[in-house]
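# Have a look; sequence and predicted model below, questions after that.
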Amino acid sequence: MDRSNSVNRREGHTTNGTKKTQEELLVQEEEQEVLSVERIFESKQVPSWQSQLTLRAFFVSLILGILFTFIVMKLNLTTGIIPSLNVSAGLLGFFFVKTWTKFLDKSGFLKQPFTRQENTVIQTCVVASSGIAFSGGFGSYLFGMSEAIAKQSTEANAADNVKNPSLGWMTTFLFVVSFLGLFSVVPLRKIMIIDFKLIYPSGTATAHLINSFHTPQGAKLAKKQVKALGKFFTFSFLWGFFQWFFTGGDNCGFGSFPTFGLKAFENRFYFDFSATYVGVGMICPYLINVSLLVGGILSWGIMWPLIEDRKGHWYPADQSPSSLHGIQGYRVFIAIAMILGDGLYNFIKVLGRTLYGIYCQFREKKTGSVLPVGARASPAEASLSYDDQIRTELFLKDQIPTWVAIVGYVSIAIISTITLPHIFHQLNWYYIVVIYIFAPVLAFCNAYGCGLTDWSLASTYGKLAIFTIGAWAGASHGGVLAGLAACGVMMNIATTASDLTQDFKTGYMTLASPRSMFISQIIGTAMGCVISPCVFWLFYKAFHDLGVPGSEYPAPYALVYRNMSILGVEGFSALPKNCLTLCYIFFIGAIAINALRDALGKNKAKYIPLPMAMAIPFYLGSYFVIDMCLGSLILFIWTKINKAKADAFGPAVASGLICGDGIWTLPSSILTLSGVNPPICMKFLSRKDNIRVDKLMKH
């Protein structure tokens with residue numbers, strides 16, 4: 001018997017390498033059993049789509065939606081870097097409902113157990129709700145319309161190109177533009193998830209997380225993760241509260257501590273003592289943080305001091321530091337050039353991959369092949385055929401009729417076309433019709449590209465709208481405001497389209513019904529259309545220097561987006577001397593760096609910085625970058641000491657730091673609105689200035 005087995009093995013190996021012995025087949029079947037997620041949940045009945053939509057799920061979603069909106073809004077108005085909060089949403093959603101159901105179970109009142117499908121509904125609703133804080137443009141195009149930002153530009157700041165925030169029009173605007181993207185991709189869900197087998201890395205990762213939570217071992221780990229999140233949430237909240245006592249004036253508090261000396265502090269290079277940025281640094285990949293640091297050193301460490309030395313030659317010596325005709329013009333427009341170069345390259349790359357992928361998919365459909373770009377099934381995935389079978393069956397069970405999507409899209413488009421010109425008289429109805437004709441195609445491209453690369457190009461599509469609609473409207477007809485409004489319409493459609501398809505992937509892998517996913521996304525979006533304007537309004541009323549460079553909330557992208565719109569309408573007349581040449585260099589440089597990254601391959605590309613990340617500190621400075629790099633360093637050391645623990649608890653610790661500091665913003669805003677000011681001003685002076693202050697105080 002041994003001899004025959006050895007012959008069989010030898011024959012299998014020497015002929016074509018594909019034949020397997022019975023022994024190997026048994027081993028493979030055992031591995032398949034281990035790898036199969038759905039066999040673990042085989043004994044649990046999948047609830048109907050109506051049962052997945054529970055009142056407790058939406059109550060928890062509302063609470064978490066408010067919490068995450070504060071976090072996203074704070075990040076929007078400070079750096080514009082927003083990490084993925086899907087893991088935190090899934091984790092906290094699990095904790096809240098699990099605690100509640102456990103209590104009811106012990107009391108004997110539990111009618112419906114907590115399932116992974118309900119967990120998916122919560123995660124979808126929370127991400128949809130807090131996502132409006134980003135796509136709503138409160139830190140970019142929408143706030144860029146305001147007088148506070150217009151004052152910082154000497155061009156196009158007439159009344160026709162200015163619209164100050166108001167709770168009424170912001171909420172109405174979001175309601176008429178935020179749902180179109182959802183209806184535009186609903187008919188394509190089967191093609192994206194089943195036929196093309198797109199990866200959607202974030203959606204897949206979230207699904208694995210939710211599936212693991214609902215196994216006994218995963219629930220135990222989740223409990224520990226939530227405990228870690230709670231500890232660091234408390235620390236972060238109390239640290240924010242403690243710091244507040246020392247900020248009783250301009251440039252006061254720990255955030256003004258000149259960590260690396262006064263000269264470095266003048267060039268915005270210091271540690272900010274922000275728990276939020278440390279947490280964001282722990283979540284963001286090392287490459288992002290290193291890219292930010294390289295950008296900060298290149299701009300504030302080398303370029304801006306050299307350009308300031310040419311004051312009086314390149315730009316007037318008496319020019320205000322915040323004027324776009326002075327040093328600020330170089331900071332803003334070179335950053336814009338890098339962002340546009342990076343955006344254009346990635347747009348062409350993702351669009352090319354999308355079109356090539358679709359072409360190959362249809363060409364090879366008869367042979368049963370899947371997408372050639374990153375979606376070809378690996379041996380591990382091939383062994384999960386049982387899972388795929390169950391998931392496909394349930395995913396196709398609860399159909400959303402195509403006519404619902406078409407009627408929904410057309411109805412909202414008509415309402416939107418009528419409503420938007422009343423909100424923005426500069427935006428003619430035919431501009432909106434043109435956007436809505438092209439929007440489904442761009443929404444599909446964004447959703448497809450996101451499935452391949454996990455990269456949403458919503459802001460790039462928004463910038464396309466800025467330049468096309470702004471130039472079409474013209475400077476004399478409020479083109480700047482028309483461009484920004486068009487950017488908002490396009491960004492909302494593209495963002496919600498990619499978000500929904502990500503959630504469909506999560507739902508597919510957790511056996512959540514597409515109907516419950518779609519309804520949850522609609523409810524979450526509706527929540528966001530109310531919560532986000534209210535949270536922004538609180539910031540707007542509490543912090544009177546909102547959007548001012550150097551303030552606590554500088555809203556850097558608001559000025560960037562406004563200047564893009566001015567550039568699209570008026571051309572390059574706004575630029576100071578040699579600025580255009582430098583813009584060309586950095587625009588081409590951004591494209592060249594990206595091309596080099598792709599040419600060198602994945603392993604070597606991780607050592608080359610990302611132009612988009614490098615551009616952010618060009619305008620803002622490096623104060624937040626130091627915090628983020630510290631977060632990276634903490635995670636790096638933790639990984640070296642205990643990799644398993646760092647992988648399991650790193651995201652929970654980071655989420656706790658972000659959530660605690662983010663939620664402190666609410667009481668801080670309320671205290672400011674109530675007229676309660678911090679009692680102490682802690683300032684840091686040079687020895688020379690301190691002597692002068694002492695002399696003044698003696699007199």
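Nice, I can see it.

# hang on, G144 packs against R562?
Yes - under the criterion of Cβ atoms under 8 Å, G144 is in contact with R562, at a separation of 3.9 Å. C-beta: built from backbone N, CA, C; applies to glycine.

# anything in contact with each of these two?
The overlap between the contact sets of G144 and R562 (Cβ atoms under 8 Å, 6 or more residues apart in numbering) consists of L484.

# Where does pLDDT dip in the stretch 501-650 of the chain?
573-574 (pLDDT under 70).

# For it, which segments count as helices?
Under the criterion DSSP state H, counting those that start in this stretch, helices of the stretch 501-650 of the chain are mapped to 514-542, 556-570, 579-600, 602-605, 611-620, 623-641, 643-673.

# Please point out which parts of the first one sit buried.
What it means is helix 514-542. Using 16 or more other Cβ atoms under 10 Å as the test for burial, helix 514-542 gives 514-533, 535-540, 542.

# what angle do that helix and helix 643-673 make?
Computed with axes from the mean of the first three to the mean of the last three Cα atoms, to 10 degrees, the direction of helix 514-542 lies at 50 degrees from that of helix 643-673.

# Which other helices and strands does helix 514-542 contact?
Packed against helix 514-542, as judged by 3 or more Cβ pairs under 8 Å, 6 or more residues apart in numbering; DSSP states H and E, are the following elements: helix 49-52, helix 55-78, helix 116-135, helix 167-177, helix 180-185, helix 479-510, helix 643-673.

# how about those in JSON lines, adding distance to L110?
Below are the helices and strands packed on helix 514-542 laid out as JSON lines (distance: least, Cβ to Cβ, whole Å):
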{"stretch": "helix 49-52", "distance to L110": "14"}
{"stretch": "helix 55-78", "distance to L110": "11"}
{"stretch": "helix 116-135", "distance to L110": "13"}
{"stretch": "helix 167-177", "distance to L110": "37"}
{"stretch": "helix 180-185", "distance to L110": "33"}
{"stretch": "helix 479-510", "distance to L110": "21"}
{"stretch": "helix 643-673", "distance to L110": "27"}
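
# Least confident of the ones you listed, on average?
When mean pLDDT is averaged over each of the helices and strands packed on helix 514-542, helix 643-673 scores lowest at a mean of 85.

# continuing past that helix, what's the next helix or strand?
Downstream of helix 643-673, the first helix or strand assigned by DSSP states H and E is helix 687-698.

# Once you drop chain neighbours, what's closest to N76?
Spatial nearest neighbour of N76, chain neighbours left out: G139 (3.1 Å); criterion: Cβ to Cβ, 6 or more residues apart in numbering.

# in the stretch 201-350 of the chain, which spans are helices?
Chain-ordered helices for the stretch 201-350 of the chain, with DSSP H, counting those that start in this stretch as the definition, fall at 201-213, 216-244, 262-266, 275-283, 286-296, 304-308, 327-363.

# which of these is buried the deepest?
Taking mean count of other Cβ atoms under 10 Å as the contact definition, the stretch among the helices of the stretch 201-350 of the chain with the greatest mean neighbour count is helix 275-283, which reaches a mean of 27.

# pLDDT (mean, whole number) over it?
Regarding helix 275-283, the rounded mean pLDDT is 86.

# could you check the angle helix 286-296 makes with it?
120 degrees.

# what packs against helix 275-283?
Contact partners of helix 275-283 among helices and strands, from 3+ Cβ pairs under 8 Å, 6+ apart: helix 55-78, helix 216-244, helix 623-641, helix 643-673.

# Mind listing residues that contact that helix?
Taking Cβ under 8 Å, 6+ apart as the criterion, the residues outside helix 275-283 that touch it are 71, 74-75, 78-79, 81, 83-84, 232, 235-236, 239-240, 289, 624, 627-632, 634-635, 650-651, 653-658, 660-662.

# got the contact list for stretch 635-645?
Counting by Cβ under 8 Å, 6+ apart, the neighbours of stretch 635-645 from elsewhere in the structure are G281, M282, Y286, A646, D647, G650, A654.

# Distance to S320 added to those, as CSV?
Written out in CSV, the entries for the contacts of stretch 635-645 read as follows (distance: Cβ to Cβ, whole Å):
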residue, distance to S320
G281, 33
M282, 38
Y286, 38
A646, 47
D647, 49
G650, 44
A654, 39
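
# what's the most distant pair in the residues you listed?
Using Cβ to Cβ, the pair of those lying farthest apart is G281 and D647, separated by 16.6 Å.

# I608 - how many residues pack around it?
As a burial measure, I608 scores 16 neighbours (other Cβ atoms under 10 Å).

# ok now do it, which residues does it touch?
For I608, the contact set (Cβ under 8 Å, 6+ apart) comprises I593, L596, R597, L600.

# do L464 as well
M490.

# Kindly give the local confidence score, pLDDT, for it.
Looking at L464, its pLDDT is 82.

# distance of it from C487?
Counting by Cβ to Cβ, to the nearest Å, the gap from L464 to C487 is 9 Å.

# so what sits against both of the two?
In contact with both L464 and C487: no residue, using Cβ under 8 Å, 6+ apart.

# Surely Y409 touches V185?
No - using Cβ under 8 Å, Y409 is not in contact with V185; the gap is 10.0 Å.

# ok, for L293, nearest residue in space, not its chain neighbours?
Ranked by Cβ to Cβ, 6+ apart and with sequence neighbours excluded, the top spatial neighbour of L293 is V625, at 5.3 Å.

# ok, that neighbour - contacts?
N289, L292, L293, G295, G296, P617.

# Need those residues in CSV (columns: distance to L167).
Supplementary listing: the contacts of V625 in CSV, determined by distance: Cβ to Cβ, whole Å:
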residue, distance to L167
N289, 36
L292, 34
L293, 39
G295, 36
G296, 36
P617, 33
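
# who are the neighbours in contact with the residue nearest to the spatial centre of the chain?
Taking Cα atoms, centre = their mean as the criterion, I82 is the residue nearest the geometric centre of the chain, at 4.6 Å. With contacts defined as Cβ under 8 Å, 6+ apart, I82 is in contact with V72, L75, N76, F134.
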